[in-house]
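Novice: The following comprises the amino acid sequence and a computationally predicted model.
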Amino acid sequence: MPAGATGQGRRDAAPAVWLLSAAILAVLVVAPLAILLVTAVRVPEGHGFTFTNFVEAFGTAIYQGPVGNSLVYATAVGILSVILGAPMAWLVTRTDLPGKAVVRTLTIAAFVTPSFLGATAYVILAGPNAGLLNVLYRAVTGAEAPLFNIFSMTGLIYVTSLYTFPVVFILTGAALTATPADLEDAARIAGAGRLAVMRTITLPLALPAIVGGFILAFLEALVLFGAPAMLAIPARFHVMTTQIWAFFHYPPQVEVAAAYAMPLLLVAVGLLWAQRRLMGRRGYTTVGGRAAAAPPVRLGPWRWVACGGCGTVLLLAIGLPYFALLRGALAKAWGLGWSWQNVTLRNFRYVIFEFDPTRAAIVNTLELATVTATLAALLMGAIAYVAQRRLLAGARVLAFLAMAPLAIPGIVLSIGLFKAYSRPPLLLYGTIWIIFVAYLTKYLPIAYTACHAALQTVHVDLEDAARVLGANRLVAFKDVTVPLFGVGLVSAWLLVFLPSLRELSSSILLFTTRSRVVAVVIYTLYEEGLWEAVSALGILLLGLTLLLVAVAQRFLGRRFLQI
Amino acid sequence: MAAVRLQALTKRFGEDVAAVRDLTLEIRHGELLSLLGPSGCGKTTTLRLIAGFLAPDAGEIWLGDRRLSSPRETLPPERRGMSMLFQSYAVWPHKTVGENVTYGLKFRTVPRADWPRRLREALALVRLEGFADRYPGELSGGQQQRVALARALVVEPTILLLDEPLSNLDAHLREEMRFEIRRLHEASQITTVYVTHDQAEAMVTSDRIAVMSAGRVEQVGTPTEVYERPATAFVAGFIGRTNLLKGRLGADGRVACEGGLELVTAAGPEHPPGAAVAVSIRPHTVALAPAAGVGTPAAPAADDAWRNIFTGTVTRAAYFGDAMDYQVAITGTDCTLRAAGAPESRLAVGQAVVVRIAPDRCILVR
Amino acid sequence: MTHRRLWGLLTGLVVVLGLVANAVAADPAVMETAKKEGKVVWYSSLGLSLAQKVCDGFNKKALGITCELARDGSQRIFQKVMQEASAGLTLADVVHTSDISHYLDFQQKGMLMRYLPAGADKFTPDFRDRDGFYTILRGTPYVIGYNTQKVAAAEAPKRWRDLPDARWKGKLVHAHPGYSGVVMTGILGLLPVVGGWDYYAALAKNNPLVVQSAEDPPMKLAGGEAWVGVTGEYNLYREVKKGNPVAIVFPEEGLPFVTSANAILAKAPHPNAAKVFTDFLFDKDAQQILADDGLYVPNAAVAYPKDKRPLKELKLLRVEPEEMQKRDDEIKKKFRELFGV
């Protein structure tokens, strides 16, 4: 008997809730998509429909290069993320690696570090002529050529992977932890040595999660704007996202941009569908089994090699870049080199107190992040509740709509939003509201997933027990569900707040002077070549992010960013 | 000849928790021995010590003339040539039934040409012919368990280990599988160690049962021995139901029980007079008969065979379909005894009865 | 006097008075309304620290009007203003970029307010206004810069044509005409004297580091990330003054002269504040701030630093706004083709 079969009160409000939620979701998700599709086939500055936009977009030689570049870039990032993330996950979850807590913490730090800050740091570290590492290398070896030129496709792939591998790490770690120990014990007693067990049992069972991680890393690189803008353009090549952004330069070719964005959308949809299929087949759940995890694999002398490997990765992702940013932030002038005279707090003072755009941006960012997170958590909390308790028919449609933005790259969404909301009567462009709409839409899926997962832990029996005793649906919801679900809502809030702080790829097309956010200001300062200010602002952003993560982990425990 | 010998095995988890304590046990070649006990008694730990997943803190494990485990050196599971059946079946979801079953063959260096034949035989043995290409996700729990069994048997192991393999099955299937396991054991004659908390399972399947409690073996014996001559109060209480009466042993086998009942028991010379003892009496050995008419003092005929004859009153009567379960208060004492009766007896609560117990059914336990 | 002549005289008088009224911005009525408006939004492509100094200087005057600065590259500013206009928005009051063709575009779309800052009639001839719709705020020649620690003065490039030399492969930094008006002007000015696009094709083969803002090359030079670069002179001058190891070369083929205009938007949200601000920009104090940092300015009353060469000594290459407007697209496209971005 479905939970909604009996009950007054909430039942009466239900159709209204459904309609309201459906309307909001439709506006947020469907409208910009529909407008995007229409824009792609419209005649620019005219009436009627045409395919010339596609011809222009893909027929012009200089626009074809970025398509290939994006594919190479995304694929390589996916592969490198798997190479880094999967073994580390295995080491942390399945072996007696020393310092696991450190590895986990630093990997979370890499997870929340925006890749455009990583790119900034690596320009400081590995610029071909003056990069700190290259200077060191030259001093030691006396070579002419640099060790590593970060302004290259390789450099871009490398930097991006350092911040996307945590996704693979998290997914693989979860799968490995969930694998019942009995499956591996059974293989061992059948005669398989430790390596054979890993090869024939552990790895194949974790494979769907690894492939899922690859797909997510691939998608992330495909739709990234900041790091490519910082590393690819000086290296004199475009990827699709920077090309779309270039289409918006004057005179803007919005219709061509919309057509150009189609493959991104299709690839994203296709890959997510493939990922769903992959994770769903063969029913990888098993019966009963001992709840305890398998005893850790003893690495013996290999533990130091493993430790060194993990340490190197984390040094490259966190240690060196954060140091470089700190140095940039504390330096008086770039050219003055290493010395105590070259240390100052002036850049921080400038960025926080003196530079107008930064101050406004900081306020904007905090406001946006807070409002987006709150609204997303509440809206998705309500929808997840309605969907999970099956209070209404068509709840699955709502859930689908809530997850759909996952397949819409941020920059693509912005094209649709720009077209949708830059004419009266719906004139949101020019205000911060259009950016708010972009953020809200973009982060619906993550809020929904978090709320849905949290709701799983609040079994319907708990509510029913209250109702049997006399509480009506709403009271039961208030007294039982909300306190238990509350933690989940807070989790969802944080999971939206944190990425909102550093969002760039949607904001870059939609901002105007008054509606700048921190990431945009960082990017603008970068374009102006103002390293010290970029570094200082970057350190502030990182500081705030890490502080929030630390607080969240302390109060929400391992439930938050469960690794 | 002992196939597996456990010598003074001790395994500790944490400072003060000893899961297995100075355990010594011999498993004979070709027998099916059960480790029976409540949860937490250390039976699974013992099994995993035998399998090699755990290393002992003290003591040794020998297989024939080979030492497998000692605190300093423990042979890993993959080199022991054993097989194991898990409570969760542990059937690999990403491999077909056939791939599951033949997995171990490559490590036992069985030539590939032989695999199809061995697979067919193993599947036939567990009555799963034709299932080789299916995936475990498509099978029921019972079928998965049989796949696990086939997988364990196909490699012709020296020792077969079973870790509560039936507890995830429903009651009906469990009963069926008990007999199946016994049948397979008799056919294959593989030395088997079977861990369970279900005494009926142990009784049906085993050649011998080792009853365990708190990390130690309380008694090892055949099902008959363990049931009819329990060595300790724990064994008496764990296997089947029993009446346990504490008292003091007097001369020629008389025990003065607490509560005032005096029993004639078959106490042997190993029990010194004056010792504090416990007497175990199985309910089905307590004979009840309606007392003759009201007002007539029940005249106990001096029946030598019984020698323990009392009057009592039925205080509880439960109908089980195939038996009656009575509780009887013995007149003139504080003792109550449980008795089993035929379903036809239908004694009523409050009814006066005559209670008869033979002395050799009063077992003295530690 | 005939009626016609009277009308003619009156009209002429009105025009003159109107012009004069526009020119004398210290008009109390304007100031009053400006104070009520409270702020002026300035979209400026002037180097950030300098723009901030100018803004701060205005705020210090405590006129009750706040200067709100939005600094970005010339092309970005132009894009933003156009993008905002297409949505029916005018968010900026005063616009200042280094691509003179922008102002032709603006004017042709009727987006500019006619206003001459006070004292405009006394500005030096190099800095002309165009019918009062926009006024040149600053000028700087397009020059070569190099890092003195990596490149000895004797080896430094002396002419534009020295830059495609293989010696500078991987050591060259070049900003982007799609971002910077300075670079756009510079390229257009150079094309006739370096032999057209072949020069830039050769330059592209030298693997230059492509950055966005013309402010960036001097910093790359100062940091040693590049050894030679091209940019507006004032950007280099600032680094030299800071003591960074950078030197300037004035190539003998000639120096494109980059003029940066300033204008008020017709639909400015704070028009009166805009007028007051514009007057300030061209007033001696603000102009001196610009000159101190190495710019050439219209206000003749400023004193240039001693180490600055007077404009008339330099071989300047003029760039006409109409030509810029015509070739803007071509330059961006060609650059994209040759340099890949």
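Specialist: Nice, I can see it. Residues are numbered from 1 along each chain as shown, chains lettered A, B, ... in the order given.
Novice: CA atoms for contacts and neighbours, from now on please.
Specialist: Noted.
Novice: Residues in a beta bridge with the spatially most central residue of chain C, which ones?
Specialist: Residue closest to the average C-alpha location in chain C (C-alpha atoms, centre = their mean): residue C:260, at 2.4 Å. When assigned by DSSP bridges, residue C:260 has beta-bridge partners residue C:138.
Novice: Now do it against residue A:379, distance only.
Specialist: Per C-alpha to C-alpha, to the nearest Å, residue C:260 is found 50 Å from residue A:379.
Novice: can you pull out the helices in the stretch 351-500 of chain A?
Specialist: Using DSSP state H, counting those that start in this stretch, the helices of the stretch 351-500 of chain A run over residues A:356-388, A:395-403, A:410-421, A:433-456, A:460-468, A:473-476, A:482-501.
Novice: could you give the angle of the first one to helix A:433-456?
Specialist: When you say that, I think you mean helix A:356-388. Comparing the axes of helix A:356-388 and helix A:433-456 via axes from the mean of the first three to the mean of the last three C-alpha atoms, to 10 degrees yields an angle of 40 degrees.
Novice: Report all helices and strands that helix A:356-388 contacts.
Specialist: helix A:395-403, helix A:433-456, helix A:482-501, helix A:518-528, strand C:66-71 (3 or more C-alpha pairs under 8 Å, 6 or more residues apart in numbering or on different chains; DSSP states H and E).
Novice: Mind doing that once more with 7 Å?
Specialist: Counting contacts by 3 or more C-alpha pairs under 7 Å, 6 or more residues apart in numbering or on different chains; DSSP states H and E, helix A:356-388 is packed against helix A:395-403, helix A:433-456, helix A:482-501, helix A:518-528.
Novice: Buried by neighbour count: which residues of it qualify?
Specialist: The neighbour-count check on helix A:356-388 (16 or more other C-alpha atoms under 10 Å in any protein chain shown) flags A:356-362, A:364-388 as buried.
Novice: cool, the last one as well?
Specialist: Within helix A:482-501, the residues that qualify as buried by neighbour count (16+ other C-alpha under 10 Å) are A:482, A:484-485, A:487-501.
Novice: okay, now the residue in the stretch 301-450 of chain A that chain B sits nearest to: neighbour count?
Specialist: When scored by C-alpha to the nearest C-alpha, the stretch 301-450 of chain A has residue A:301 as its residue closest to chain B, at 18.1 Å. With neighbours defined by other C-alpha atoms under 10 Å in any protein chain shown, the count for residue A:301 comes to 8.
Novice: now swap in residue A:531 and tell me
Specialist: 27.
Novice: quick one: contacts for the nearest residue to it once chain neighbours are set aside?
Specialist: Distances taken as C-alpha to C-alpha, 6 or more residues apart in numbering or on different chains put residue A:328 closest to residue A:531, at 6.5 Å, once the chain neighbours are dropped. Residue A:328 makes contact with A:531, A:532, A:535, according to C-alpha atoms under 7 Å, 6 or more residues apart in numbering or on different chains.
Novice: mind listing the helices for the stretch 1-150 of chain B?
Specialist: B:43-51, B:97-102, B:115-125, B:141-154.
Novice: Select, out of those helices, the one closest to residue A:527.
Specialist: helix B:97-102 (59.0 Å; C-alpha to C-alpha).
Novice: could you dump the helices and strands packed on helix A:356-388 to CSV with distance to residue B:165?
Specialist: Output for these, formatted as CSV (distance: least, C-alpha to C-alpha, whole Å):
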stretch, distance to residue B:165
helix A:395-403, 40
helix A:433-456, 30
helix A:482-501, 37
helix A:518-528, 58
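Novice: JSON lines please, covering those and showing mean pLDDT.
Specialist: Listed next are the helices and strands packed on helix A:356-388 as JSON lines, based on pLDDT from 0 to 100:
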{"stretch": "helix A:395-403", "mean pLDDT": "80"}
{"stretch": "helix A:433-456", "mean pLDDT": "89"}
{"stretch": "helix A:482-501", "mean pLDDT": "86"}
{"stretch": "helix A:518-528", "mean pLDDT": "90"}
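Novice: rewinding a little: any chance of the helices of the stretch 1-150 of chain B in a markdown table, plus mean neighbour count, mean pLDDT and distance to residue C:238?
Specialist: Converted to a markdown table, the helices of the stretch 1-150 of chain B look like this (neighbours: other C-alpha atoms under 10 Å in any protein chain shown; pLDDT from 0 to 100; distance: least, C-alpha to C-alpha, whole Å):
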| stretch | mean neighbour count | mean pLDDT | distance to residue C:238 |
| --- | --- | --- | --- |
| helix B:43-51 | 24 | 93 | 77 |
| helix B:97-102 | 24 | 92 | 75 |
| helix B:115-125 | 18 | 93 | 82 |
| helix B:141-154 | 24 | 91 | 79 |
